[in-house]
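Asker: Sequence and computational prediction follow.
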Amino acid sequence: MECNKIDKDEHRKEMKAIQDSMDVLSGKWKISIISSICLYNKRRFSDILNDVVGISNKMLSKELRELETNKLIKRTVLDTQPVTVQYELTAHGKTLQTIIKDLTVWGIQHRKEIIGK
């Protein structure tokens, strides 16, 4: 989508699509959780907890459940002692990889623009 003038119906459709995306990815943690899993393909709960600075166990559990409900991640319980739970992106979740990469590039450029580092 380019930021050009479009007709009203097309504008409404695009704004609805953006709102749908924001509804699924909203909040302080979801993009960071997806990024953690995306960078390593498969992550354990404790790995994600270490990657996402400041998130609590309870909040991580909640966010992972929501991402699983929206079919962005898959939860696998491994038959180990103790039991290990592993998370990975679904095929649908992998469609976010380009967006995550673009956000990373933008974040680096933005940091340089604002603070010069």
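Answerer: Good, I have the coordinates.

Asker: going forward, measure contacts and count neighbours with C-alpha atoms only.
Answerer: Fine.

Asker: Tell me the helices and strands packed up against the lowest-mean-pLDDT helix or strand in the chain.
Answerer: Within the chain, no helix or strand scores below helix 8-25, which has a mean of 91 by mean pLDDT, DSSP states H and E. Packing partners of helix 8-25 (3 or more C-alpha pairs under 8 Å, 6 or more residues apart in numbering; DSSP states H and E): none among the helices and strands.

Asker: switch to 10 Å and redo it
Answerer: helix 30-40, helix 57-69 (3 or more C-alpha pairs under 10 Å, 6 or more residues apart in numbering; DSSP states H and E).

Asker: For the last one, buried residues please.
Answerer: Applying a neighbour-count criterion of 16 or more other C-alpha atoms under 10 Å, the buried positions in helix 57-69 are 60, 63-64, 66-68.

Asker: where does the chain have low pLDDT?
Answerer: For the chain, applying pLDDT under 70 flags the ranges 1-5, 117.

Asker: Give the burial count for Ala91, as a bare number.
Answerer: For Ala91, the neighbour count with other C-alpha atoms under 10 Å is 12.

Asker: Distance of the closest residue to it other than its chain neighbours relative to Asp20?
Answerer: Excluding its sequence neighbours, the residue lying closest to Ala91 (C-alpha to C-alpha, 6 or more residues apart in numbering) is Leu72, at 7.7 Å. Look at Leu72 and Asp20: by C-alpha to C-alpha, to the nearest Å, they are 14 Å apart.
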